[in-house]
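Asks: only geometry, no sequence info:
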């Protein structure tokens, strides 16, 4: 099933767009699918061992997957997956 | 002659701002006001008929204390204003913001009634709310992209005390987005430039410059002097430092961040989650680019900084629904605004049920950054 995966501007350099359609039944499968088409994508958000970086949050709709089933969280038609790395921009020191 | 009626008294005058009343002197005018609007005199005279200290009456912008008091003569065309100054001790002591300050800084003089008239006429602000704003002490971390619009709007709103933390000088490359600073300010210390700009916009505001890097040794001492903190820092070490200090001191933290075309804003209220609940650890240095490396749309600062100022004012006034428990995501390119949930993490090392970090740590070490923060 096709799910929209949205990223913020930082990851757009990898995907070439702010959202892509992805296939999979869980969050982990969606990420694998995106990674297969955009090499280097997963390295931005997970460690080499495959665990999600602690400065990257993934949301299914508006809920953080840490409070669901993490990468095993199932997705359904119409869900939107958002990937939000921490952002620090602000003042110029 | 025309008499200006302040917001809290307008329930007696059918919500009219100005009423026409005759009188040869102020005492007669007050009697005629009473005749026209029963109960009005009780608002501005005590049991003995004298005008109490918390009420000022102005004739053509001069306080009658400096004229002939209640005997001050009036002529056709004079403009009279009845202005309640500090409405007794209860209101000011309950908002806690005026300790040690000169109470006249919080008086609604005719000039201030005009300056803040668009606030005063709103039921959600009014004179009580405006005095809360006068009494508020807000610390802004970073007088840069986000700190500029946040500080300016808070200054225009009349926030009585604005602390500014910044130790940088104004650089030409700042001027694309940092509206506290102007071309002539290049090379000037940012806190000085900011103080001058704010003074020009609103002399009511007291600016407290903190011209030093915020670090583990001074953060608690500085932040403890304020009611609310606005975070406009550009680096992770400062973000975690400010967050932890606000958790320990139980201060509301109004957070914002920007990069390229993306903005984020949220509010952390004491005991309701913190930045570490959202992002438990910073990215390794260099992985998430800074504004200096990746760029940022200048106008984005205005959007997010204004949202931060708005949230500060809502907290001061105790109105609306603060932006806590959710992270607002603003995408300027698609002009879309979304929200995701932010939960308090019971396992959070700082604000969780069993915190393991109970005092400030070395944030440069935690973030793997060199102590001298990069320009960004």
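Replies: Now that the structure is in, tell me what you want to look at. Just so it is clear, the structure is predicted and the values come from calculations on it, not from any experiment.

Asks: Following the chain past the lowest-mean-pLDDT helix or strand in chain B, name the next helix or strand.
Replies: Taking mean pLDDT, DSSP states H and E as the measure, chain B has helix B:88-95 as its least confident helix or strand, at a mean of 35. Next helix or strand after helix B:88-95 toward the C-terminus (DSSP states H and E): helix B:110-115.

Asks: And that following helix, what's buried?
Replies: Applying a neighbour-count criterion of 16 or more other CB atoms under 10 Å in any protein chain shown, one finds B:110, B:112-113, B:115 buried in helix B:110-115. Every residue, glycine included, has its C-beta placed from N, CA and C.

Asks: same thing with stretch B:195-204?
Replies: Buried, per 16+ other CB under 10 Å, within stretch B:195-204: B:195-198, B:202, B:204.

Asks: can you give me the helices for the stretch 51-200 of chain B?
Replies: With DSSP state H, counting those that start in this stretch as the criterion, the stretch 51-200 of chain B has helices at B:88-95, B:110-115, B:117-120, B:126-135, B:147-157, B:190-201.

Asks: Give me the buried positions along stretch B:164-173.
Replies: Going by 16+ other CB under 10 Å, stretch B:164-173 has these buried residues: B:164-170.

Asks: Run through who's touching it.
Replies: If you take CB atoms under 8 Å, 6 or more residues apart in numbering or on different chains as the criterion, stretch B:164-173 is touched by A:91-93, B:139-144, B:147, B:151, B:178, B:181, B:185-191, B:193-195, B:207-214, B:222, B:375.

Asks: Compare the mean pLDDT across the helices of the stretch 51-200 of chain B and name the weakest.
Replies: In terms of mean pLDDT, the lowest-scoring of these is helix B:88-95 (a mean of 35).

Asks: quick one, strands of chain B?
Replies: For chain B, the strands defined by DSSP state E occupy B:2-4, B:18-20, B:55-59, B:62-63, B:79-84, B:137-141, B:161-165, B:206-210, B:228-231, B:253-259, B:262-268, B:326-331, B:336-341.

Asks: which secondary structure elements does the third one contact?
Replies: Spelled out, that is strand B:55-59. helix B:40-44, strand B:79-84 (3 or more CB pairs under 8 Å, 6 or more residues apart in numbering or on different chains; DSSP states H and E).

Asks: Same question for the last one.
Replies: Using 3+ CB pairs under 8 Å, 6+ apart, the elements in contact with strand B:336-341 are strand A:56-60, strand A:63-64, strand A:80-85, strand B:326-331.

Asks: quick one: strands adjacent to the shortest one?
Replies: For strand A:63-64, the pairing partners within the sheet under DSSP bridges are strand A:56-60 (antiparallel).

Asks: Could I get the pLDDT score of residue A:18?
Replies: With respect to pLDDT, residue A:18 scores 88.

Asks: May I see the buried residues of stretch A:72-81?
Replies: A:73, A:75, A:79, A:81.

Asks: Figure out the length between the terminal residues of it.
Replies: End-to-end distance for stretch A:72-81, by CA to CA, to the nearest Å: 13 Å.

Asks: Show me the contact partners of that stretch.
Replies: Stretch A:72-81 is contacted from outside by A:1-6, A:22, A:24-28, A:30, A:58-61, A:65, using CB under 8 Å, 6+ apart.

Asks: out of those residues, which are inside strands?
Replies: A:2-6, A:22, A:58-60.

Asks: OK, contacts around residue A:36?
Replies: If a contact means CB under 8 Å, 6+ apart, then residue A:36 has no contacts.

Asks: what about it, which helix or strand?
Replies: Going by DSSP H and E, residue A:36 is part of helix A:27-37.

Asks: Lowest-scoring secondary structure element of chain A by mean pLDDT?
Replies: helix A:9-15 (a mean of 81).

Asks: And it, what's buried?
Replies: The neighbour-count check on helix A:9-15 (16+ other CB under 10 Å) flags A:9-12, A:14-15 as buried.

Asks: tell me, which of those residues make contact with chain B?
Replies: Among the buried residues of helix A:9-15, the ones lying near chain B by CB under 8 Å from any CB of the partner chain are A:9-10.
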